[in-house]
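Asker: Provide a 3D model corresponding to the input given below.
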Amino acid sequence: MSINLHILNADGTLDGSLKAINDAFNDARKTAIKRLSVDDVDIVFRNAPSFAIPELKVGGFTTDDGYCIYISLDAKKDFKSATIYPQLLHELHHAKRFQSQGWPQDLAGNLVSEGLACLFEEEETKERPIYTRLKLAENDIERAKKHFFDSGYNHDEWFFGTKNLPRWFGYAYGYQLCKDYSTKIKKSSAELVLISEKIIAKG
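Answerer: Numbers count the residues shown, from 1 in each chain. Reported below is the predicted structural model:
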């Protein structure tokens with residue numbers, strides 16, 4: 001039982017980021033164990049610019065069973081641990097939730113999953129994630145509410161944007177839902193990690 005680090009670096013492209021990776025991993029591991037009691041996770045770092053958030057040059061993905069996290073970096077950037085640390089926190093929150101509940105099956109489930117993970121980033125780093133800062137339009141919120149429990153929703157549309165929705169809407173709205181609920185009941189994102197999305201969706 002452990003949280004393990006794997007760095008895919010046979011070609012040496014991540015040599016310049018090894019210290020930042022290790023420092024961020026060690027800090028995030030301690031935080032996640034203390035705050036989330038998360039365990040049994042393999043964290044894989046790779047040079048994969050196309051999977052990184054352009055503004056940050058880093059991105060994360062957690063498998064649907066919650067036991068593996070991929071952190072993708074753009075190796076052309078000179079990384080500091082403070083850039084990688086929030087992404088690790090975000091994905092470790094997912095890992096804890098997915099290990100218990102699996103990958104969310106509807107829009108509400110993903111809004112809450114992402115919202116809680118974003119809130120966990122903010123609580124631990126004292127900085128609001130870039131993908132939650134969108135000014136939300138009321139008509140987009142009302143549209144989302146009508147499709148909360150649709151299992152056939154288009155994930156890319158709601159979270160990465162199309163001509164009908166702005167980029168990162170799902171992250172920003174999920175964050176708002178979770179922040180409002182967290183404030184209302186005075187519980188942190190770590191305490192709410194396994195809460196049903198139906199409870200938060202109802203407010």
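Asker: For Ile84, pull up the helix or strand it's in.
Answerer: helix 81-101 (DSSP states H and E).
Asker: Just the helices from the chain, written as ranges.
Answerer: 18-36, 81-101, 107-125, 138-146, 155-160, 169-185, 197-202 (DSSP state H).
Asker: Out of those helices, which is the most enclosed?
Answerer: When you average the neighbours per residue for each of the helices of the chain (mean count of other CB atoms under 10 Å), helix 107-125 leads with a mean of 24. To be clear about C-beta, it is placed using only N, CA and C from the backbone, and glycine gets the same treatment.
Asker: mind listing what the residue most central in space within the chain touches?
Answerer: Among the residues of the chain, the smallest C-alpha distance to the mean C-alpha position (CA atoms, centre = their mean) belongs to His90, namely 3.7 Å. Each residue near His90 by CB atoms under 8 Å, 6 or more residues apart in numbering is listed here: 60, 117-118, 120-121, 129.
Asker: quick one: it from Lys186, how far?
Answerer: 23 Å (CB to CB, to the nearest Å).
Asker: Next: Asp11.
Answerer: Where Lys186 is concerned, Asp11 sits at a distance of 49 Å (CB to CB).
Asker: now do Leu89
Answerer: Taking CB to CB as the measure, Leu89 falls 21 Å from Lys186.
Asker: what does Leu5 give?
Answerer: Here Leu5 is placed at a distance of 35 Å from Lys186 (CB to CB).
Asker: do Ile195 as well
Answerer: From Ile195 over to Lys186 (counting by CB to CB), the distance is 14 Å.
Asker: So between those two, which is more surrounded?
Answerer: It is Ile195, of Ile195 and Lys186, that has more neighbours when counted by other CB atoms under 10 Å, with 19 against 7.
Asker: Next, give phi and psi for the more buried one.
Answerer: Backbone torsions for Ile195, taken as degrees, to the nearest 10, come to phi -70, psi 150.
Asker: For it, give me its contacts.
Answerer: With contact taken as CB under 8 Å, 6+ apart, Ile195 is in contact with 112, 116.
Asker: got a pLDDT number for it?
Answerer: Ile195 is assigned a pLDDT of 96 by the prediction.
Asker: And Arg143, by the same measure?
Answerer: Per-residue pLDDT puts Arg143 at 93.
Asker: Same question for Met1.
Answerer: We note a pLDDT of 65 for Met1 in this prediction.
Asker: Check Asp39 too.
Answerer: Value listed for Asp39 in the pLDDT field: 95.
Asker: go on, the one 3 residues further on?
Answerer: On pLDDT, Asp42 comes in at 98.
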